[in-house]
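**Q** need a structure here:
(2 chains)
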2 protein chains.
Amino acid sequence: VKKLVIFGVGLIGGSVALALKQKANAPVCVGVGRNQANLDQALSLSIIDQATTDIASALSGADMVLLAAPVAQTSAILEKIKPHLNSKTIITDAGSTKSDVLATAKTVLGAQAKQFIGGHPIAGSEKTGANAAITDLYQGKHVVLTPTAENSVEDIEKVRHLWVACGANVIEMSAANHDSIFASVSHLPHLLAFALVDDLASRDNAAELFQFAASGFRDFTRIAGSSPEMWRDITMANKYFLIKEINNFQNKLNVIKEILTNNSNHDLEALFKRASNARNDWANSKAKK
Amino acid sequence: VKKLVIFGVGLIGGSVALALKQKANAPVCVGVGRNQANLDQALSLSIIDQATTDIASALSGADMVLLAAPVAQTSAILEKIKPHLNSKTIITDAGSTKSDVLATAKTVLGAQAKQFIGGHPIAGSEKTGANAAITDLYQGKHVVLTPTAENSVEDIEKVRHLWVACGANVIEMSAANHDSIFASVSHLPHLLAFALVDDLASRDNAAELFQFAASGFRDFTRIAGSSPEMWRDITMANKYFLIKEINNFQNKLNVIKEILTNNSNHDLEALFKRASNARNDWANSKAKK
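**A** Modelled structure (predicted):
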């Protein structure tokens, strides 16, 4: 990759550019965005080499385009790219859901959707904007690619190399498998946290309830402080798998209610033990890395 | 209070003794426990002034007894105390649920249950044992007392003073109100975290799921790493209010499923915004203290 065009030079896109800069034969990184102040800052921080709002010049001679803007903009950005997209340029993205993004690419790009390879770096931070970008954001992190049968092996390899150059561990799977996995380990927990806090906040004794909320509540609900707009988009984009997860979780709660009703102390302790062991094993395995 | 008997000289009981030691006219603290090594350690750390396994001598001349052992032992401890309990000694506890403890006190102590005043310090740590005890564990923390109409005003005042001397902010409410509040802000979140982790861990693709779990999952599930035995007891003790909370939460999830099914983007964002604002306002108000 000699010329990389990044739509959205924030934490995600900016950190890709910074990581690539550390490498020999780093590509020329061209930033495109709607926020001129953010682009100017990315230039002054030497995150990107060029900034432009002119899509035609940005796309000219580009080997790869990385969509790192909010996912709600994917369709609009692809519409703008399409008239200037030659047959060689690879497009990839960094969105948290993949089935919907691939469907959008198909709708907008038609036959050229074969040049689009979905991606999802599992890395982030509370911070946003070019100012938050860091060189090692992807170091040791997972990046999931969701290629289709239409993508060429060479194109997939190039996108894989981009992320490997950023220090990431790249894994390929289907978009459906990706969305199913993230519905359970990320989107459902976020939804549960938002649901609990909204429910408590809507009660007559909300102030009293929050007064007695302590450190367990603090950690459990931290993700309920996440961006409402971003999580609206992720939740709606992945609603098929998320509704399945919600139904499954409600069934689990039914099982627990039965355990409580039957005073099945042993079953309850067994459930808590399995959960506690699994949680602590997971945390220990993460800590070793 | 001149003589305070502490059953269970661990984090909770030991920290009370340490806090009182900082004060003028500190009471003589007598530790009672089943674990002799822990009692010896508490003595050698000068947390308590005396240690004994002889309940009669411990209770002799005691102004107050603090039950700080695991709540499952409450009934057995009260049975041992009863033969040696004069009409002046106040008993209080530090358990996470209150209706069940008051019922146990009534059952075991009969008419002398009027000398029992339920308490719940909202403070803790992952650590346990006398070694974990610290002087300022209760500094600025809430302690809930759940007196009944049978308790004397003087006795309630003495228990209040004990906790104020530890630096705590003491609040009185009914046992039912206490248990209802903690069902929603503490016991339900713990149950949801245990339920989610156990459910994921039981799936065929558990290893793959945990591989992609990230920082949001880490914080959301931290409390699923809590003690299974302790949470079995709390959950069973408070199951009346907890089942109400589970039913309520399942209804909330039904509302969210309907929002998703109807593609009500606006309603979903509004819910997430309310939650996000409430969570961040709460965190900011805590940070100011």
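**Q** right, and A:Phe220 touches B:Ala193 too?
**A** Yes. Counting by C-beta atoms under 8 Å, A:Phe220 does reach B:Ala193; the two are 6.2 Å apart. In this view, the C-beta of every residue, glycine as well, is placed from N, C-alpha and C.
**Q** what is in contact with the two at once?
**A** B:Phe220, B:Arg222, B:Ile223 (C-beta atoms under 8 Å, 6 or more residues apart in numbering or on different chains).
**Q** In the stretch 151-289 of chain A, where is pLDDT below threshold?
**A** Residue ranges of the stretch 151-289 of chain A with pLDDT under 70: A:289.
**Q** That one: helices as residue ranges?
**A** With DSSP state H, counting those that start in this stretch applied, the stretch 151-289 of chain A shows helices at A:153-165, A:175-182, A:188-201, A:206-211, A:215-220, A:228-237, A:239-261, A:265-288, listed in chain order.
**Q** residue contacts, A:Leu67?
**A** A:Phe7, A:Gly8, A:Thr74, A:Ile77, A:Leu78, A:Ile91, A:Thr92, A:Asp93, A:Ala94, A:Gly95.
**Q** swap in A:Lys252?
**A** B:Ala195, B:Asp198, B:Asp199.
**Q** please redo it, this time with the cut-off set to 10 Å
**A** A:Leu271, B:Leu192, B:Phe194, B:Ala195, B:Leu196, B:Asp198, B:Asp199, B:Ser202 (C-beta atoms under 10 Å, 6 or more residues apart in numbering or on different chains).
**Q** Which ChimeraX command selects the buried ones in these?
**A** Only the buried entries of the contacts of A:Lys252 go into this ChimeraX selection, using 16 or more other C-beta atoms under 10 Å in any protein chain shown:
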select /A:271 /B:192,194,195,196,198,199
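**Q** Would you list the phi and psi of A:Asp93?
**A** The phi/psi pair for A:Asp93 (degrees, to the nearest 10) reads phi -140, psi -180.
**Q** Per-residue pLDDT of the closest residue to it other than its chain neighbours, please?
**A** Excluding its sequence neighbours, the residue lying closest to A:Asp93 (C-beta to C-beta, 6 or more residues apart in numbering or on different chains) is A:Leu67, at 3.9 Å. Looking at A:Leu67, its pLDDT reads 98.
**Q** ok, now A:Thr128?
**A** pLDDT at A:Thr128 comes out at 82.
**Q** sec struct for it, please.
**A** Counting by DSSP: H, G, I helix; E, B strand; the rest coil, the backbone at A:Thr128 sits in coil.
**Q** Repeat that for A:Val5.
**A** Under three-state DSSP, A:Val5 comes out as strand.
**Q** wait, doesn't it sit right on A:Val28?
**A** Yes. At 9.4 Å, A:Val5 and A:Val28 qualify as touching, with contact defined as C-beta atoms under 10 Å.
**Q** Between those two, which contacts overlap?
**A** In contact with both A:Val5 and A:Val28: A:Ile48, A:Gln50, A:Gly61, A:Ala62, A:Asp63, using C-beta under 10 Å, 6+ apart.
**Q** by contact count, what packs against the strand or helix carrying A:Leu39?
**A** For A:Leu39, the element it lies in under DSSP states H and E is helix A:36-44. Packing contacts for helix A:36-44, counted by 3 or more C-beta pairs under 10 Å, 6 or more residues apart in numbering or on different chains; DSSP states H and E, involve helix A:11-21, strand A:28-32, strand A:50-52.
**Q** can you put these in a markdown table and add mean neighbour count?
**A** Listed next are these as a markdown table, based on neighbours: other C-beta atoms under 10 Å in any protein chain shown:
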| stretch | mean neighbour count |
| --- | --- |
| helix A:11-21 | 24 |
| strand A:28-32 | 24 |
| strand A:50-52 | 17 |
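**Q** just so I know, which of those lies nearest chain B?
**A** Closest approach to chain B among the helices and strands packed on helix A:36-44 (C-beta to the nearest C-beta): helix A:11-21, 13.8 Å.
**Q** Could you check the angle that closest one makes with helix A:153-165?
**A** Helix A:11-21 runs at 90 degrees relative to helix A:153-165, counting by axes from the mean of the first three to the mean of the last three C-alpha atoms, to 10 degrees.
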